[in-house]
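**Student:** Kindly generate the corresponding structure for this input.
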Amino acid sequence: MFTVQEVLADAERACVVWTNEGQTAEGDPYRNRGLTFMHFSGSRIVSLSDYFKDTSFIKNA
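**Tutor:** The predicted structure is shown next:
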């Protein structure tokens, strides 16, 4: 499940704060929080970056 919690935007930029949860390929549950930052030029997205607050679903190598 992916849930948008907040959107901050102006004419050239947007920031979306979100949460998601689900299962890994092994069937283990996970929850994650983060944000996606977008930069626009006209009607196009020219850059998009995701930032994760909780990366507990990542296993140590």
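**Student:** Show the backbone phi and psi for the nearest residue to A9 once chain neighbours are set aside.
**Tutor:** The shortest distance from A9 to any non-neighbouring residue, by Cβ to Cβ, 6 or more residues apart in numbering, is to C15 (7.4 Å). All C-beta atoms are positioned from the backbone trio N, CA, C, and that covers glycine. Backbone geometry at C15, expressed as degrees, to the nearest 10, gives phi -130, psi 130.
**Student:** Roughly how far does C15 sit from P29?
**Tutor:** Distance, C15 to P29, by Cβ to Cβ, to the nearest Å: 27 Å.
**Student:** and these two? which has more neighbours close in?
**Tutor:** Comparing C15 with P29 by neighbour count (other Cβ atoms under 10 Å), the higher total belongs to C15, at 14 against 9.
**Student:** Quick check: which ranges of the chain have low pLDDT?
**Tutor:** Residue ranges of the chain with pLDDT under 70: 54-61.
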